[in-house]
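Q: Quick one: sequence plus predicted model below, questions after.
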Amino acid sequence: MDAVMGLLSALPAQMRDPVLFAIPFFLLLLVMEWAAARRLEHLESEPHAARPSAADAHQRSAAGADQRSPAGAYQRRDAWTSLSMGLVSVVTTAAWKATALLGYAAIYAYLAPWQLPADRWYTWVIALLGVDLLFYAYHRAAHRVRLIWATHQAHHSSQYYNFATALRQKWNNSGEILMWIPLPLLGVPPWIVFASFSVNLVYQFWVHTERIDKLWRPIEFVFNTPSHHRVHHGMDAEYLDKNYGGILILWDRMFGSYQDELFRPHYGLTTQVDTFNIWTLQTHEYVKIARAVRSARGLRDKLGYVFGPPGWTPTRSTESVGSAAH
């Protein structure tokens, strides 16, 4: 880990993406969680393990045949799929940022009415809050516009919820790149925009776990927590299209998309994609959109398949369609 940190420290200041520095800690926490999950599974499988109470047995019976793995469990192929997607995303995200840097620099230099100083605390506050609010807006759109959902759905494709799932990232960051444009237009230096989004992404790593229960109420009220984000990854009807916040859950409370955790969610997509092929996981929704557009008869239907909510069809009202692909 020291060698990795030393290598990253040698990079120029503007290239020291916080995500790169956080990778060793991501991997350390992932290994710790995986080891804890294996240990708990071993204890639960022992013959002398405590038998479930009558109330637990009744609850299981009432819930039906729920064959889910224990909370926080790992499945080897699923975890490796998430890790592989995360490694590719490091490269693709860097490419998207490099491309966006030219446009942001032009906006910052020629269109911004003022240029905020990079060495003042308020510039960082504006950047961090601005990125978090714009992330909320983008994230909400990603669950309501099918073309953007096609990019985002890969992150929701795992039926497990653990630190490995946090690394199951998309490869197409074009939507976020466009969403950040107001920040350089307001005079935030482009490299601070990128650094702030990296801080936002690093924060979101730790909320991908079932090992942490609800926290102190004031923290749960203000910040995105594992409890809030478990809801977001749930495919249950009560949880669809809820809790979009990155660092702050206040945006969801303010804009009516908040949902408390009522029970352990079922994870994944409402129509599961049963594959560990990382290319298929990233692209299958684009393929489905292309096929739907090709088979549609009129322009309205073609646009509906692209820009309507996930699951939209010409015979169904958009008011009744949620993230059906989620």
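A: Yes, it's here. All figures in this text were calculated on a predicted structure; none of them were measured in a lab.
Q: Just want the most central residue of the protein.
A: residue 155 (5.8 Å; C-alpha atoms, centre = their mean).
Q: buried residues in the top helix by length along the chain?
A: As assigned by DSSP state H, the longest helix anywhere in the chain is helix 76-106. Within helix 76-106, the residues that count as buried by 16 or more other C-beta atoms under 10 Å are 78-79, 81-83, 85-86, 88-89, 93-94, 96-97, 100-101, 104. For glycine as for every other residue, the C-beta is placed from the backbone atoms N, C-alpha and C.
Q: Would you check which pair of those lies furthest apart?
A: Maximum pairwise distance among the buried residues of helix 76-106 (C-beta to C-beta): 36.0 Å, between 78 and 104.
Q: looking at the chain, which helix or strand does the model trust least?
A: Ranked by mean pLDDT, DSSP states H and E, the weakest helix or strand in the chain is helix 54-63, scoring a mean of 39.
Q: tell me which element residue 292 is part of?
A: helix 278-295 (DSSP states H and E).
Q: What are the contacting residues of that helix?
A: 81, 84-85, 88, 146-147, 149-150, 153-154, 157, 170-172, 273, 275, 302, 305-306, 325 (C-beta atoms under 8 Å, 6 or more residues apart in numbering).
Q: pretty sure residue 257 contacts residue 249?
A: No: with contact defined as C-beta atoms under 8 Å, residue 257 does not count as touching residue 249 (9.8 Å).
Q: overlap in contacts of the two?
A: What both residue 257 and residue 249 touch, as defined by C-beta under 8 Å, 6+ apart, is the set residue 243.
Q: Compare these two (neighbour count), which wins?
A: residue 249 (24 against 19; other C-beta atoms under 10 Å).
Q: for the more buried one, phi and psi?
A: phi -90, psi 0 (degrees, to the nearest 10).
Q: where's it relative to residue 263, distance?
A: 19 Å (C-beta to C-beta, to the nearest Å).
Q: again with residue 253
A: On the measure of C-beta to C-beta, residue 253 and residue 263 end up 21 Å apart.
Q: What of residue 307?
A: From residue 307 to residue 263 the distance is 33 Å (C-beta to C-beta).
Q: do residue 202 as well
A: Residue 202 is 29 Å from residue 263, by C-beta to C-beta.
Q: Which of those two has more residues huddled nearby?
A: residue 202 (18 against 12).
Q: Checking residue 175 next. Helix, strand or coil?
A: helix (DSSP: H, G, I helix; E, B strand; the rest coil).
Q: isn't it right next to residue 141, touching?
A: Yes: between residue 175 and residue 141 a contact is recorded at 7.5 Å, counting by C-beta under 8 Å.
Q: intersection of neighbour lists for the two?
A: By C-beta under 8 Å, 6+ apart, the residues touching both residue 175 and residue 141 are residue 148.
Q: Look at residue 197 and report its pLDDT.
A: Turning to residue 197, the model gives it a pLDDT of 89.
Q: Who are the contact partners of residue 272?
A: 157, 159.
Q: what's the pLDDT at it?
A: pLDDT, residue 272: 90.
Q: circling back: okay but the residue nearest to the centre of the chain is in contact with residue 172, surely?
A: No: Residue 155 is beyond contact range of residue 172, at 11.5 Å (criterion: C-beta under 8 Å).
Q: any shared contact partners between the two?
A: With C-beta under 8 Å, 6+ apart as the test, residue 155 and residue 172 reach no residue in common.
Q: For the stretch 201-326 of the chain, which residues score under the pLDDT cut-off?
A: 316-326 (pLDDT under 70).
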